[in-house]
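Undergrad: sequence unknown, structure follows:
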């Protein structure tokens, strides 16, 4: 029987698949690849979805394809790796992600030969990689990821405690239920994942878990995610080599404001609070009480943002200011995708590295956003 710890990891993968879908990505399965061998790039195997690279097939915890194709670019696909562990992700995990990325992005075949008719172009994709972990990342892992544009999302920050608790409770309840079942009635991991993907991703796949004592905790997990005003998670994409996971006690206060102001200016502030994780807060510049979003950054990523030494060339400063001048968020409302852009002045972030906080109020002194 699967251990409770391993079960937490599998459930976290499904939660992140749901999060990916709600942030503008379509979660892919092997059925989404309509090609025939040897041209297929997606297959379903014993341990889940695998993606074809130039030299090998690679397992994907979750693979998403962005709904929109950037102009003059290829369709974007994102590997999401999930780690629900007690220790920090180390360099070996990030290095493996880089190897996977390099191999799948090198899997190039410009045309496909057919028995009749002209050769036709083969669809190509641009793959990216993101690693989510509940215990953070080692320093060398952060440095390597930043150098090779692999996104690290630290789920150990306080704002993701509710997400961690949901997954931990569901895994505990499912594992307890499984211990009471005879060995012949135990559901497989794939059966439980298939069951959970029904309500979360609207994917109908067989076989699924059917034992009520096992499926009930999975139903509770799905219902909690859908009431995500309390969960409060959304992905943000700055023009930089990382993804931000934003959290809020009332995410819909942000959505309501953003629907009326799809593009608006914000203030960013590094909160003054005890704990090992630096936490940043986002508020509207024009209406600070409208909403509050927070996020955590791996230490090396934060150092990269704040690094504005006098020896840095003007060209490098321009690159940093351009990359950090805005972040884009996508909110799915059924099949309709809303796009929000939050604009900010990088100089305000840089000022905090020198202690210049005189130009804007402390986040702790601002009024709290209204509740729904």
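TA: On my side now, so go ahead. Keep in mind that this is a model prediction, so the values were computed, not measured.

Undergrad: Walk me through the regions of the stretch 101-250 of the chain where pLDDT falls short of the threshold, as ranges.
TA: 109-122, 228-232 (pLDDT under 70).

Undergrad: Now do the strands in it.
TA: Using DSSP state E, counting those that start in this stretch, the strands found in the stretch 101-250 of the chain span residues 111-112, 120-121, 126-133, 151-154, 233-238, 244-247.

Undergrad: List the contacts of the fifth one.
TA: Contacting residues not belonging to strand 233-238 are listed as 19-20, 22-23, 160, 163, 243-248, 251, 254, 293, 295, 323-324, 326-331, 342 [C-beta atoms under 8 Å, 6 or more residues apart in numbering]. Every residue, glycine included, has its C-beta placed from N, CA and C.

Undergrad: can you pull up the bridge partners for residue 331?
TA: Judged by DSSP bridges, the bridge partners of residue 331 are residue 338.

Undergrad: Would you agree it is in contact with residue 257?
TA: No. With contact defined as C-beta atoms under 8 Å, residue 331 does not reach residue 257; the gap is 11.8 Å.

Undergrad: Give me the buried entries from the contacts of strand 233-238.
TA: Among the contacts of strand 233-238, those classed as buried by 16 or more other C-beta atoms under 10 Å are 19-20, 22-23, 160, 163, 243-248, 251, 254, 293, 295, 324, 326-327, 329-331, 342.

Undergrad: In helices only, show me those residues.
TA: Those of the buried ones among the contacts of strand 233-238 mapping onto helices are 19-20, 22, 163, 251, 254, per DSSP state H.

Undergrad: How about residue 199: what's its closest non-neighbour residue?
TA: residue 222 (4.2 Å; C-beta to C-beta, 6 or more residues apart in numbering).

Undergrad: quick one: contacts for that neighbour?
TA: Counting by C-beta under 8 Å, 6+ apart, residue 222 touches 196, 199-200.

Undergrad: Buried subset of those residues as a ChimeraX selection?
TA: Selection of buried members from the contacts of residue 222 for ChimeraX, criterion 16+ other C-beta under 10 Å:
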select :196,199,200
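
Undergrad: and of the contacts of residue 222, the nearest to residue 32?
TA: Within those, the smallest distance to residue 32 is 16.8 Å, found for residue 200 (C-beta to C-beta).

Undergrad: any idea how far the closest one lies from residue 9?
TA: Distance from residue 200 to residue 9, counting by C-beta to C-beta, to the nearest Å: 16 Å.

Undergrad: ok, now residue 329?
TA: The gap separating residue 329 from residue 9 is 27 Å, by C-beta to C-beta.

Undergrad: How about residue 336?
TA: Residue 336 sits at a distance of 33 Å from residue 9 (criterion: C-beta to C-beta).

Undergrad: which of these two has more neighbours?
TA: residue 9 (19 against 7; other C-beta atoms under 10 Å).

Undergrad: Would you mind measuring from the more buried one to residue 28?
TA: For residue 9, the distance to residue 28 equals 20 Å [C-beta to C-beta].

Undergrad: cool, residue 344 as well?
TA: From residue 344 to residue 28 the distance is 33 Å (C-beta to C-beta).

Undergrad: The chain: helices as residue ranges?
TA: Counting by DSSP H, the helices of the chain are 4-22, 91-105, 139-147, 161-179, 189-201, 212-226, 228-231, 251-260, 299-306, 314-323, 346-353.

Undergrad: pLDDT averaged over stretch 297-310 - what is it?
TA: The average of the pLDDT scores along stretch 297-310 is 66.

Undergrad: what about the residue lying closest to residue 213 once chain neighbours are set aside, how many neighbours?
TA: Using C-beta to C-beta, 6+ apart and skipping the chain neighbours, the partner closest in space to residue 213 is residue 177 (3.9 Å). Neighbourhood size, residue 177 [other C-beta under 10 Å]: 17.

Undergrad: again with the one 5 residues further on
TA: A total of 6 residues lie near residue 182 under the criterion other C-beta under 10 Å.

Undergrad: And residue 210, how close does it get to residue 186?
TA: Taking C-beta to C-beta, one finds residue 210 at 12 Å from residue 186.

Undergrad: Mind checking which of the two has more residues around it?
TA: Neighbours per residue (other C-beta under 10 Å) separate residue 210 from residue 186, with residue 186 holding more: 15 against 11.

Undergrad: who touches that one in this structure?
TA: Applying C-beta under 8 Å, 6+ apart, the residues contacting residue 186 are 1, 178.

Undergrad: can you give me phi and psi for it?
TA: Note on residue 186: backbone dihedrals following degrees, to the nearest 10 are phi -70, psi 130.

Undergrad: what about it, distance to residue 289?
TA: Separation of residue 186 from residue 289 (C-beta to C-beta): 51 Å.

Undergrad: What count of nearby residues applies to residue 34?
TA: Counted with other C-beta under 10 Å, residue 34 comes out at 9.

Undergrad: Distance check, it against residue 41.
TA: Going from residue 34 to residue 41 by C-beta to C-beta gives 11 Å.

Undergrad: ok, the closest residue to residue 205 other than its chain neighbours to residue 44 distance?
TA: Using C-beta to C-beta, 6+ apart and skipping the chain neighbours, the partner closest in space to residue 205 is residue 194 (4.5 Å). Separation of residue 194 from residue 44 (C-beta to C-beta): 11 Å.

Undergrad: Good, wrapping up.
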